[in-house]
Each structure stands twice: as structure tokens, then as C-alpha cells.
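# Next comes the sequence, and after it the predicted model I'd like to discuss.
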Amino acid sequence: MLEKRISASKIPLYTFFTLSALLAYLRYVRAQKLRFYIVSLALFVFAFGSKEQSIVLPAVLLLLDWALGRHRKPDGSHAHAWQELLLEKLPFILLAVFAALQARAHQSMEYTELAAGYPLWQRLVFSCYSLVVYAGRFVLPARLLYIYPFPMTPGGEMPLHY
């Protein structure tokens, strides 16, 4: 039971840090004080450390700028306004790209280590079995778990029900 609570804690953490980053950014926009920008950037790092979905924050900040009318100059023109906003978001974008590359490398490494011991035909059987089981559990949600381990060790005998 403890594992379920710990594994589910990433969602409230991600939500807290992402919304806090948005609030800090709004304070930066209104007060134009660098410290709020830095706090927003730090909270973005914490949000990504909690859950990878926070990678969309730079795009959300640009949408927020558009909603606040920051894409227009005081004289009403749009000239160079978006370039300035993109430049302002550059640290967020660079952190998002770096974090995405790190997450992708980590996922690839986990998959490679996990799949290394299983031949291709067994991986195809696992895929088909998973597709059928998940479709069935979508229709009749029973025996739902937070983790579904592989049914055997690499090189072992494939269970008959697969």
C-alpha cells in the first residue's frame, strides 16, 4: 500500500510546482522583477523533476503572454514582440529540451535493459497480450494494478495463457 501512495505523489507535486511556476511568472510579468522570473524557472525545474508532463510549461507561458496581450507593443504593433517573448522564454525552452533529452535517454536505457533478454517473438506475444488485456480492462475494469510485471524471467518458459 505504501508503494501506491509514494508512486502517486508525483501528480500533486507536479501540479503544485507547475501552478507555482505559473504564479511566479505572473508576478514577474506584473512586477517586472527578475527574482520572480528566477523563482519561476526554479519551480519549473522542480515540476519536471516531479513529472515529465511539465515540459509543456514554456508553451503555456507563451499562451499566457498572448492572453495577457504581451504580444503587442504599447503602440499596438506586433513587430518584434514575439521575438522578445521567445527570447525571454529561452531559458525555459532550453531546460525543457535538456529535460526531454534526459527523459528520453533514461526511457530508452530502461527499455533496452528490460527487452535485452527477451527474443523478438516473445516481445511480440507480450505486446499482443497486453493489447487484448488492456482493451478488456477498459470494458470491464477488474484486477487493476499500478504495475504489471513481466510474467517470466528472460530465457524462461512462456506461460501457456499468453
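Yep, that arrived.
# pLDDT weak spots in this structure?
Within the chain, the stretches with pLDDT under 70 are 1-8, 73-80, 107-117, 146-156, 160-162.
# Longest helix in it, please.
Longest helix of the chain, by residue count under DSSP state H: helix 81-115.
# Quick check: buried residues in the helix or strand following that helix?
The element immediately downstream of helix 81-115 (helix or strand, assigned by DSSP states H and E) is helix 120-139. Buried residues in helix 120-139, counting neighbours by 16 or more other CB atoms under 10 Å, are found at 122, 126. Heads up, the C-betas are built off the backbone N, CA and C, glycines and all.
# roughly how far out does helix 120-139 sit from the chain middle?
25 Å (CA atoms, centre = their mean, to the nearest Å).
# What of stretch 47-63?
A distance of 7 Å separates the centroid of the chain from that of stretch 47-63, by CA atoms, centre = their mean.
# how long is that stretch end to end?
End-to-end distance of stretch 47-63 (CA to CA, to the nearest Å): 19 Å.
# So what touches that stretch?
Under the criterion CB atoms under 8 Å, 6 or more residues apart in numbering, residues 10-11, 13-14, 17-18, 21-22, 25, 44, 85-86, 89, 92-93, 95-96, 99-100, 103 lie in contact with stretch 47-63.
# make it 6 Å
Residues outside stretch 47-63 that contact it (CB atoms under 6 Å, 6 or more residues apart in numbering) are 10, 13-14, 17-18, 21, 25, 44, 89, 92-93, 96, 99-100, 103.
# which other helices and strands contact the longest helix of the chain?
For helix 81-115, the packing partners by 3 or more CB pairs under 6 Å, 6 or more residues apart in numbering; DSSP states H and E come out as helix 57-67.
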